[in-house]
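1. Need coordinates for the following:
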Amino acid sequence: ARGKQAGAGASAAFERGITALAQYIEREDRTVVPRSWVEQTPGGPVKLGVWVSNTRSRRAGLSEEQRSRLAALGIDWV
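-> Sure thing, here's the model as predicted:
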């Protein structure tokens with residue numbers, strides 16, 4: 001059961017990150033996010049710069065769907 005919870009938490013974190021990234025790109029018209037940037041979302045603040053950095057360094061562990069969603073936002077390092 002613990003593994004399922006961890007997976008669900010990781011999935012929820014990815015969703016929060018995608019939401020924040022899409023919002024940031026829409027407003028700033030760019031995909032480069034400063035590491036210290038915190039994006040305010042309806043679901044609460046997201047440390048977007050850290051999320052992007054961590055997602056980038058862990059991209060080998062992303063699912064094909066996650067990589068596709070990032071690519072659709074213009075992230076070209078996937």
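
2. mind listing the helices in this protein by residue range?
-> In the chain, the helices defined using DSSP state H lie at 2-28, 48-57, 64-72.

3. tell me how far the last one is from the chain's mean position?
-> So the one you mean is helix 64-72. The chain centre lies 10 Å from the centre of helix 64-72; the measure is CA atoms, centre = their mean, to the nearest Å.

4. Could you list the buried residues of that helix?
-> Residues of helix 64-72 classed as buried by neighbour count (16 or more other CB atoms under 10 Å): 66, 69, 70. (Glycine included, C-beta is placed from N, CA and C.)

5. For residue 40, which of the helices of the chain is the nearest?
-> Residue 40 lies closest to helix 2-28 among the helices of the chain, at 8.6 Å (CB to CB).

6. Buried ones in the closest one, by neighbour count?
-> Applying a neighbour-count criterion of 16+ other CB under 10 Å, one finds 14, 16, 17, 18, 19, 20, 21, 23, 24, 25 buried in helix 2-28.

7. Between those, which sits nearest residue 61?
-> Residue 61 lies nearest to residue 14 out of the buried residues of helix 2-28, by CB to CB, at 10.9 Å.

8. so who does that closest one touch?
-> 55, 66 (CB atoms under 8 Å, 6 or more residues apart in numbering).

9. Can you say which of the helices of the chain is nearest to residue 34?
-> Of the helices of the chain, nearest to residue 34 by CB to CB is helix 48-57, at 5.2 Å.

10. And for that closest one, what's in contact with it?
-> Taking CB under 8 Å, 6+ apart as the rule, helix 48-57 contacts 13-14, 16-17, 20-21, 24, 33-39, 62, 70, 77.

11. how about the nearest residue to the residue positioned nearest the centre of the chain, chain neighbours excluded?
-> Ranked by distance to the mean C-alpha position of the chain (CA atoms, centre = their mean), the top residue is residue 17 at 3.2 Å. Nearest non-adjacent residue to residue 17, counting by CB to CB, 6 or more residues apart in numbering: residue 51, 4.2 Å away.
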